Structure formats: C-alpha cells, structure tokens
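Student: generate coordinates for the sequence data below:
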Amino acid sequence: MLQIAYIRENREEVVQKLAKRNIDAKAAIDEVITLDEKKRATQSALETIKSESNKLSKDIGDLMKGGEKAKAEILREKSVQLREKDKELTEVLNNITAQLQDELYKLPNLPAEIVPVGKTPEENLNIFEEGEIPKLHEGALPHWELAKKYDLIDFELGVKITGAGFPVYKGKCAKLQRALITYFLDKNTDAGYLEYQVPHLVNEASGIGTGQLPDKEGQMYHAGIDDLYLIPTAEVPVTNIFRDVLLNESELPVLCTAYTPCFRREAGSYGAHVRGLNRLHQFDKVEIVRIEHPDNSYKALDGMVEHVKGILQELKLPYRILRLCGGDMSFASALTYDFEVFSTAQERWLEISSVSNFETFQANRLKLRFKDKDGKNQLAHTLNGSSLALPRVLAGILENYQTPEGIVVPEVLRKYTGFDIIN
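Tutor: Presented below is the predicted three-dimensional model:
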C-alpha cells in the first residue's frame, strides 16, 4: 500500500509512475487526496470537541465544588451536546477512514526507475542469457509425452480425483520432485536462509498484507465456511510472520525459505501453451523471502538474482533473465526479474521464477517496521523470489535431458534421487 503522506506530497510523481503501468491514476489519486483532506479536517474537528469537552468537565467539577449547581447544570447540557457531536464525528471519521483505506488498497506499487516502459510480456527486457540449448535426438518428445512413455505423471488420474491442473506424480518422477524440493531448500539454507514450515491456508488479513487481496481475489481458492484462502505462494504465510512486528535495525536482514504446495485458479487459462506442467492449479514451490533495510534492498535483490542463477547453473539448464516492463509486473512489485528456462522439445521459454523487491508496499500493509539507530520507527523493505517453482523446472529437465536410452538425471540431483537415469 502506498503511503498517504507520500501521495499527498508527490501527487504528480505518483501519477507519472503509475502511468508506466499503463494506468491513468489522476482521478484515483485526486479521490485519495480528497478523502485524506476530509479525514484530517474531521480529525481536527473531533480533537477540538474533545478538548472542549475535557475543559467543560473540569469547569463543571469546579462549579460543583463551589456550590454553583445551576451553572454546572447549564454546562452539563452543553457537555451532552458535545458528546453527541463527538459520536457523530467519530462515525463520520470511521467511514472516511474506511473509504480511504479501500481506495489505497486499489492502487498498485510504484515501479522503480529502471522498470522498462511496456504493456505486454513481449516488451520485457532480456538482460541475461546463459547455458547451451541441447540438440535433441530425432523423435524427441515434449514432457507430457515423456510422462506417458515412462509412466511418470498421470494427468488423467488427477482429473478423476480432482480436476484438470492437478497431476499425479509417480515412481521415479515423484522421487525426482522430492529431490528437487530438498535440493532447493539445501541451497537456500546453505546461503543463510532460515527454513520454515508454514500453514497452507491463510486468513484475509494475511492476503491483504502481501497484496494478494483484494487484487487477486478471483485467482485464489476460497474456503467460504471458514473464510480462509489456499495460498498461491509461500510468500504469503512467510511474510505475514512479520505482520505487526517491530524489529531492531540490528536484526536486519531477515532471510526465510519455505517449501509449500501452491494453489491458483488460473481462471481463463487455456490452449496448447498451458498443456502438461506448463500451467497448473496445484504445484510445488520453494520460496525465499527477505526483510531488508531500505538502504540495502536493491543490493539484496541483486544477491537473490545471483542465488537463483547459481541453482540453474548447477542444474545445467539453459535460461534467461527478463526485467519486467511496467505492464507485466505484479500489483505489489516495484521491480521484478523473471527467470525462464528453454524447453527444447517445445521450442519455447518457460517462466520458472520471479524475484521481486516490493520496497515498503507490503510493509505498509503489514505494519512491518524496524527501529533505526536514532530510535525512530521506519517501514522495512520486503523481497521475495521463487527458488524455485517445480513444474516447469521438472518439464525442462525431462525435455532437455532426454536421450534415446532414457531421461538422464542432472548430476547435482543424483545424491538426492539415488538413481541417474529414468528409463
């Protein structure tokens, strides 16, 4: 959530930055500023009434002590009127505050200066590419055909049990999936991230805290009776560990990692590009989250990018890094880098990770602060990244490591799988 003081003092800058997201925010910003002015005027009037009421109470007490009951009674009637006015203004203030909060919740984060201008994924900036694209043998197959050939993933069984987008992993593929999770967690903890196991359901406050609500309400599975949401990513429960927390500056940075299944409705997703593991409703992901001092958050973001690069280098998968344009960034992000692996059998790039800096956007919603060296409370910066999302990594391994004899397991994973080929 954007800070109201910043909007008030930098109206034109906020409008210009949101224009990079292809949003004409003039009317919305004017509405926010108008509501803020009404709120502050109502607060001022309320404080005046409270001050008058307090003075009257003292005067009534003094008159009663002096035996001047008639004069005290006149002031008492005025005091009753002030209490009624206080009640009315408090209700008005609560309504204005709620309206202002709702309007602020609708505004996305401001893009960082280096975010490219653009409306579509095609306008994202390719900033890095590494790894040799393998030359596959004649008759090489996409991963959904490999899954059938080697009896690795049963998509139809998932449809029977639940519905489309809920695959069943079997045998060596299930073990490879587990190996990837353990490998990712080991890489993260070796890099200093503290591992957490977190709930897979969250309340509304948690969804609001990280910006999934109200923006992505239609994409989240909602358990209506209990009013809980299935998590779309571990970012939500992990970051909410620090909701309403005041840290000391000496405690920064805070580094967290967690494995969870993730659930996304992916409404409106269809077509050949979402076949197989390319787009699922349930998938596994290992996440990294950082709470940083504002002065260090972009250096930390660069470090997260290098960390993910290191994992992909060890997996020996061809990949590229994109700096997302304003029109393709998530609601809460100030700057995002996407990682994509090349699927040789499909001849296309598949997104496997997003690494983002949210600056103070989430922290403002979460009331996540730290006490600086001068004893002042400041909003922290939050960051997160996939490290990594499993379905498309698995698809990349199955397709890029296939041979006529079977699917070779990447060397770095063999100590986790206990086998070096799927055949």
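Student: contacting residues for residue 19?
Tutor: Going by C-beta atoms under 8 Å, 6 or more residues apart in numbering, residue 19 touches residue 25. Every residue, glycine included, has its C-beta placed from N, CA and C.
Student: phi, psi for it please.
Tutor: phi -60, psi -30 (degrees, to the nearest 10).
Student: residue 73 versus that one, what's the distance?
Tutor: 62 Å (C-beta to C-beta, to the nearest Å).
Student: ditto for residue 115
Tutor: Using C-beta to C-beta, residue 115 is found at 67 Å from residue 73.
Student: can you check residue 398 too?
Tutor: Distance of residue 398 to residue 73, given as C-beta to C-beta: 87 Å.
Student: cool, residue 84 as well?
Tutor: Residue 84 is 17 Å from residue 73, where distance means C-beta to C-beta.
Student: which residues of the stretch 201-350 of the chain fall in helices?
Tutor: All helices of the stretch 201-350 of the chain, identified by DSSP state H, counting those that start in this stretch, fall at 204-210, 235-240, 297-315.
Student: can I get these in JSON lines with distance to residue 254, mean pLDDT and mean neighbour count?
Tutor: Converted to JSON lines, those look like this (distance: least, C-beta to C-beta, whole Å; pLDDT from 0 to 100; neighbours: other C-beta atoms under 10 Å):
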{"stretch": "helix 204-210", "distance to residue 254": "15", "mean pLDDT": "97", "mean neighbour count": "21"}
{"stretch": "helix 235-240", "distance to residue 254": "10", "mean pLDDT": "98", "mean neighbour count": "25"}
{"stretch": "helix 297-315", "distance to residue 254": "11", "mean pLDDT": "98", "mean neighbour count": "18"}
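Student: out of those helices, nearest to residue 260?
Tutor: Proximity to residue 260, assessed across the helices of the stretch 201-350 of the chain by C-beta to C-beta, is greatest for helix 235-240 (7.5 Å).
Student: so what touches that closest one?
Tutor: Applying C-beta under 8 Å, 6+ apart, the contact partners of helix 235-240 are 196, 198-200, 202, 205-207, 209-210, 212, 231, 256, 258, 260, 287, 289, 362, 366, 382, 384.
Student: run a quick neighbour tally on residue 69.
Tutor: 10 (other C-beta atoms under 10 Å).
Student: between the two ends of stretch 59-76, how far is it?
Tutor: Chord length of stretch 59-76, first to last residue, is 10 Å (C-alpha to C-alpha, to the nearest Å).
Student: quick one: contacts of that stretch?
Tutor: 56, 79.
Student: list the buried ones in it?
Tutor: Of all the residues in stretch 59-76, those buried under the rule 16 or more other C-beta atoms under 10 Å are 60, 63, 72, 75, 76.
Student: among those, which two are most distant?
Tutor: Checking the buried residues of stretch 59-76 with C-beta to C-beta, the most distant pair is 63 and 76, at 9.5 Å.
Student: right, I'll call it a day here.
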